[in-house]
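Engineer: Okay, structure incoming, though there's no sequence with it:
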């Protein structure tokens, strides 16, 4: 069983209420998706080239602050691309490692589980990732509500990690 591959084949979701906020900080998507230069991103005043980059950031923020806010059942959600397509790959791997560290999975036990139980654990990891990302998005939203000018600073997302 290749656990990491199976995790990366998943496309996590997020609460659709954060869609506009995500777009405020990312480059407009389209035919040039993922190919925007640093200069173009700077001119548009954006911090992230793609939406999944902001998702990675929100996940790391939620993990760092230990803020897991599960997405409630029945919530309107939007899906990102599969984790295996996220770049830089090292950052995607750090996100997965953080989620694995926060999970209650016994990796020795996992080897002997039935396939349907393994699938439940992987689905649980995806939900855990979504909860930490949702927590990160909630932190960003709260900061915007408290102090909108905070995000005019070039280092705002680094500063938010340090708060």
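Structural biologist: Arrived safely. Remember, predicted model here, so these are calculated numbers, not experimental data.

Engineer: Just the strands from this structure, written as ranges.
Structural biologist: 13-15, 77-79 (DSSP state E).

Engineer: Between those, which one is closest to residue 107.
Structural biologist: strand 13-15 (25.4 Å; Cβ to Cβ). C-beta: built from backbone N, CA, C; applies to glycine.

Engineer: And the contacts of the closest one?
Structural biologist: Applying Cβ atoms under 8 Å, 6 or more residues apart in numbering, the contact partners of strand 13-15 are 22, 55, 58, 71, 75-80, 130, 133-134, 137.

Engineer: Which residue in the residues you listed has the weakest pLDDT?
Structural biologist: Ranked by pLDDT, the contacts of strand 13-15 bottom out at residue 80 (81).

Engineer: Tell me who's in contact with that one.
Structural biologist: 11, 12, 13, 14, 51, 52, 55.

Engineer: and of these, the nearest to residue 86?
Structural biologist: Nearest to residue 86 out of the contacts of residue 80 is residue 52 (Cβ to Cβ; 5.3 Å).

Engineer: Quick check on the contacts of residue 80: which are buried?
Structural biologist: Applying 16 or more other Cβ atoms under 10 Å to the contacts of residue 80, the neighbour count classes 12, 13, 14, 51, 52, 55 as buried.
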